[in-house]
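> Requesting a structural model of the entry that follows:
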Amino acid sequence: MSKVLEVCANGYESALAAQNGGAKRVEFCDNLAEGGTTPSHSQIALAKKNLSIEIWPIIRPRGGDFLYSELEFALIQEDIKHFKSLNCDGIVTGILLADGSIDLARMKVIIQLASPMKVAFHRAFDMTNNMEKALEDLIDLGIIRVLSSGGASTAINGIKTLTKLVKQANGRIAIMPGAGINKNNLKTLITETGANDFHASAKAYVNSKMIYRNAETKMGSIEDEYQYELTSEDTVKELVEILNN
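Purely as a prediction, here's the structure:
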């Protein structure tokens, strides 16, 4: 089976770089520093208008945990309906209960509302209290893909668990390793896990073109606000080449 690279794109420009680099799809998100939150209308609308790559927006109303209030769940549902109207290829989301298990009731609502779009589960999976049971729950729900680092800080650190999850899935759902994937560890992850889908931001830092810079104040918590992150087309090409070979 052919190997697939999914790129975590933080905007239209990154999605374009992912497409030009040969990735199959993008998980479209905002706020990568918080693990990704729901992207804007304009980003997705422009991507669907101009790009041919698969567009899968993340549906996550905020950073932090994956236990959501009634208001946050209402926002999630409205975002799903919105992206459905833009003809996205699928959505990526995840909701947990306070005890760390999958919120089956709310996930069923999401899957029904999203149809005919497919639904993938993001790294909320790594925060579950029992990944083996959670995987079976996702399979029963009809989730087609789950992003995981094997519960570790990076995919390479969670490689043993990822290998076990791929064997447990046995083709019933795609296990997609992600977190810290790069050209130095991708081949090992391919060989050892047996996975076919891989997730990477393939990001690079872009320096600001500002000449005047106020060093006395900040707009946020980022250490250097005169640089920002974008997906690197060259890095995507490197990863795709490793997957193809």
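> how about the helices of the protein, start to end?
Under the criterion DSSP state H, helices of the chain are mapped to 12-21, 41-50, 70-85, 104-114, 131-141, 159-169, 186-193, 233-244.
> need the contact list for the residue nearest to the spatial centre of the chain.
For the chain, the residue nearest the mean C-alpha position is Glu27 (4.7 Å; Cα atoms, centre = their mean). Contact analysis of Glu27 by Cβ atoms under 8 Å, 6 or more residues apart in numbering lists Glu6, Val7, Cys8, Ala9, Gly36, Trp56, Pro57, Ile58, Val92, His122, Leu147, His199. No exception for glycine: its C-beta is placed from N, CA and C like everyone else's.
> nearest to Arg213, of the helices of the chain?
Closest of these to Arg213 is helix 12-21, at 22.5 Å (criterion: Cβ to Cβ).
> Using CSV, write out the CA atom coordinates for the closest one.
The C-alpha coordinates for helix 12-21 follow below in CSV (Å, rounded to 0.1, in the frame of the first residue of the first chain):
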residue,chain,number,x,y,z
TYR,A,12,-3.5,28.9,3.0
GLU,A,13,0.2,29.6,2.2
SER,A,14,1.2,26.5,4.1
ALA,A,15,-1.4,24.4,2.4
LEU,A,16,-0.2,25.6,-1.0
ALA,A,17,3.4,24.6,0.0
ALA,A,18,2.1,21.2,1.1
GLN,A,19,0.4,20.7,-2.2
ASN,A,20,3.4,21.8,-4.2
GLY,A,21,5.6,19.5,-2.1
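> Quick check: the residue nearest to the centre of the chain vs Lys183, distance?
20 Å (Cβ to Cβ, to the nearest Å).
> cool, and Lys3?
14 Å.
> between those two, who's got more neighbours?
Lys3 (17 against 13; other Cβ atoms under 10 Å).
> The more buried one: what's its closest spatial neighbour, skipping adjacent residues?
Spatially, and ignoring its direct neighbours in sequence, Lys3 is nearest to Leu243 (3.8 Å; Cβ to Cβ, 6 or more residues apart in numbering).
> same deal with Gly150?
Per Cβ to Cβ, 6+ apart, closest to Gly150 is Gly158, 2.3 Å.
> neighbours of that neighbour, just the number please.
23.
> ditto for Ala98
Counted with other Cβ under 10 Å, Ala98 comes out at 8.
> Give me the pLDDT for it.
You'll see Ala98 listed with a pLDDT of 98.
> Next: Ser208.
88.
> Next up, the contacts around it.
Glu225, Tyr226, Gln227, Tyr228.
> and the last one, what are its bridge partners?
On DSSP bridges, the residues paired with Tyr228 through beta bridges are Val206.
> Surely it and Val206 touch.
Yes - here Tyr228 reaches Val206: they are 5.6 Å apart, a contact under Cβ atoms under 8 Å.
> The residue nearest to Gly150 and Ala18: what is the separation?
24 Å.
> go on, Asn207?
Asn207 is 21 Å from Ala18, by Cβ to Cβ.
> Of those two, which one has the most company?
Ala18 (31 against 9).
> Tell me the confidence at the more buried one?
98.
> ok, now the one 10 residues further on?
The per-residue pLDDT reported for Phe28 equals 96.
> Begin at 103 from now on, thanks
With 103 as the first residue, the last one maps to Phe130.
> Name the nearest residue to it, sequence neighbours excluded.
Pro159 (4.4 Å).
> residues near that neighbour, how many?
31.
> got the end-to-end distance for stretch 249-259?
15 Å (Cα to Cα, to the nearest Å).
> List the contacts of it.
129, 194, 222-225, 227-228, 233, 260-264, 267, 277-283, 287, 290-291, 301.
> let's see 7 Å
222, 224-225, 227-228, 233, 260-261, 263-264, 267, 277-283, 287, 290-291, 301 (Cβ atoms under 7 Å, 6 or more residues apart in numbering).
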